[in-house]
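>>> The following block contains a protein sequence and its predicted model.
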Amino acid sequence: MQPLRLILSTNTPDETIEVGRRLGRLLAAGDVVALVGDLGAGKTCLVKGIAQGLDVPESSYVRSPTFVILNTYAGRCDLNHLDLYRIQSPREIEDLGTREVFYGEGVTVIEWADKMEDLLPEDHLRISLDFRNETGRVIALEEIGALPPDRREALRSALAGFAEG
């Protein structure tokens with residue numbers, strides 16, 4: 001079966017959050033989502049939506065954990081939100097104990113995941129965000145490894161409204 005690869009388009013930050021919300025509803029404990037994209041491309045916006053989809057309470061203000069590297073939010077399963085912007089080398093990442101986070105009970109979402117591609121689990125989702133214009137984004141979602149076939153189809157269906165023609 002062909003790996004999942006979707007090219008999505010959003011016009012506003014709220015639409016990017018909605019893509020995240022729909023994705024978050026389908027994520028399960030143990031899933032890893034690797035986010036890549038330039039500064040300001042919408043990675044944290046997408047994470048806010050994922051948190052909503054995981055039923056993280058609105059009172060848990062999801063923000064980029066740039067200065068603490070990891071924030072964990074409680075929802076229907078924990079959301080482990082890593083931001084590697086300030087990390088200089090893969091060695092620093094290993095020293096942080098990130099492998100324990102990957103194989104824990106929660107969903108792990110990593111901003112600037114391109115800094116640790118060799119350390120990512122074999123099975124994960126890779127999402128790249130690119131600027132279309134000031135508020136619009138192109139979001140490429142790619143299955144790395146293997147997702148259960150029912151989840152692959154659920155993602156395709158949930159995100160169809162944002163798929164590029």
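Here it is on my side, so go on.

>>> Could you pull up phi and psi at Arg126?
Main-chain torsions, Arg126, degrees, to the nearest 10: phi -110, psi 130.

>>> lowest average confidence, helix or strand, in the chain?
Here the helix or strand of the chain ranked lowest by mean pLDDT, DSSP states H and E is helix 98-102, holding a mean of 62.

>>> Check which element follows that one along the chain.
Next along the chain after helix 98-102, taking DSSP states H and E as the criterion, comes strand 107-111.

>>> and that following strand, what other elements does it pack with?
Where contact means 3 or more CB pairs under 8 Å, 6 or more residues apart in numbering; DSSP states H and E, strand 107-111 is packed against strand 32-37, helix 43-53, strand 79-83. Quick note: C-beta positions are derived from backbone N, CA and C, even for glycine.

>>> Wait, Arg22 touches Ala160, no?
No - the criterion here is CB atoms under 8 Å, and Arg22 misses it with Ala160 at 9.7 Å.

>>> Which one of these two is surrounded by more residues?
Set Arg22 next to Ala160 and count neighbours by other CB atoms under 10 Å: Arg22 wins out with 21 against 11.

>>> Look at the more buried one and give its secondary structure.
With DSSP: H, G, I helix; E, B strand; the rest coil as the basis, Arg22 sits in helix.

>>> Identify the residue nearest it in space, chain neighbours excluded?
Nearest residue to Arg22, sequence neighbours excluded (CB to CB, 6 or more residues apart in numbering): Ala158, at 4.4 Å.

>>> Count the residues that sit near the one you found.
16.

>>> and what of the one 4 residues further on?
Neighbouring residues of Phe162 were enumerated by other CB under 10 Å; the total is 20.

>>> what's near enough to touch it?
Leu8, Ser9, Thr10, Glu15, Glu18, Val19, Ile139 (CB atoms under 8 Å, 6 or more residues apart in numbering).

>>> Kindly recompute the last result at 7 Å.
Leu8, Ser9, Thr10, Val19 (CB atoms under 7 Å, 6 or more residues apart in numbering).

>>> Kindly tell me how buried the last one is, as a neighbour count.
Here the count is done by other CB under 10 Å, and Val19 has 28 residues near it.
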